[in-house]
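Chemist: The following comprises the amino acid sequence and a computationally predicted model.
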Amino acid sequence: MRKIIYLIVGIIIGAILTGILVWNQMPGLLLVRLESQHDFDTTVDMLEENAFAGGWEVISVVDVQQRLEGYGYEDFLRMKIIEICHGEHSYTIFQDDENKKVAGIMPCRFAVYEQYDGKVMISKMNIGLMSKMFGGLIQRVMGTVAGEERVMLEGVVK
């Protein structure tokens, strides 16, 4: 009987520790941060050009620095968020009402920003990992998107 209690307690402690580990690792897994090999403006331009060349549309480029300056924050470094969309991928996913739940994480985005150490960084969601969480059609389409994003980043990141 005592061995069973130890086993149950061990399983519970193991589950709790696993949960804590997963919780602490999730931000690093779901968000990707890459260093650009170019200056800020070149990085933004190349991402836009690469997206267009891959059949994507640049929906908007949000100048975060400019917006924050409008609120009186004059010391913020440059940051732009590039929103891109691929009509065929979106259409394929959104044909099923159940799949529309992912609309909140679409369109795809790249954030390009300067750091105080002078580095230009790109951050994005880890679409490949996220796709596995949904499965089915979403996983297949988002898996394709992950590959297309890798192509967009070629020649841009170190």
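Modeler: Great, that's in hand.
Chemist: hang on, isn't I127 packed against F110?
Modeler: No. In this structure, I127 is not within contact of F110 by C-beta atoms under 8 Å, at 11.3 Å. For every residue, glycine as well, the C-beta is placed using N, CA and C.
Chemist: What about G14, how many residues nearby?
Modeler: 10 (other C-beta atoms under 10 Å).
Chemist: how far away is F134 from L31?
Modeler: From F134 across to L31, the span is 17 Å (C-beta to C-beta, to the nearest Å).
Chemist: how close does K158 get to G55?
Modeler: 26 Å.
Chemist: in this structure, what spans have low per-residue confidence?
Modeler: Judged against pLDDT under 70, the low-scoring parts of the chain cover residues 22-28.
Chemist: Name the single longest helix found in it.
Modeler: Ranked by residue count under DSSP state H, the longest helix found in the chain is helix 2-30.
Chemist: Which neighbouring elements make contact with the helix or strand just after it?
Modeler: For helix 2-30, the succeeding helix or strand toward the C-terminus, using DSSP states H and E, is strand 31-35. Where contact means 3 or more C-beta pairs under 8 Å, 6 or more residues apart in numbering; DSSP states H and E, strand 31-35 is packed against strand 120-125.
Chemist: Give the buried residues for the strand it packs on.
Modeler: Neighbour-count burial for strand 120-125, counted by 16 or more other C-beta atoms under 10 Å, picks out 120-122, 124-125.
Chemist: neighbouring strands for it, and are they parallel or not?
Modeler: According to DSSP bridges, strand 120-125 has the following sheet partners: strand 31-35 (antiparallel), strand 108-114 (antiparallel).
Chemist: which among the buried residues of strand 120-125 gets closest to R150?
Modeler: Nearest to R150, judged by C-beta to C-beta, of these is K124 at 10.8 Å.
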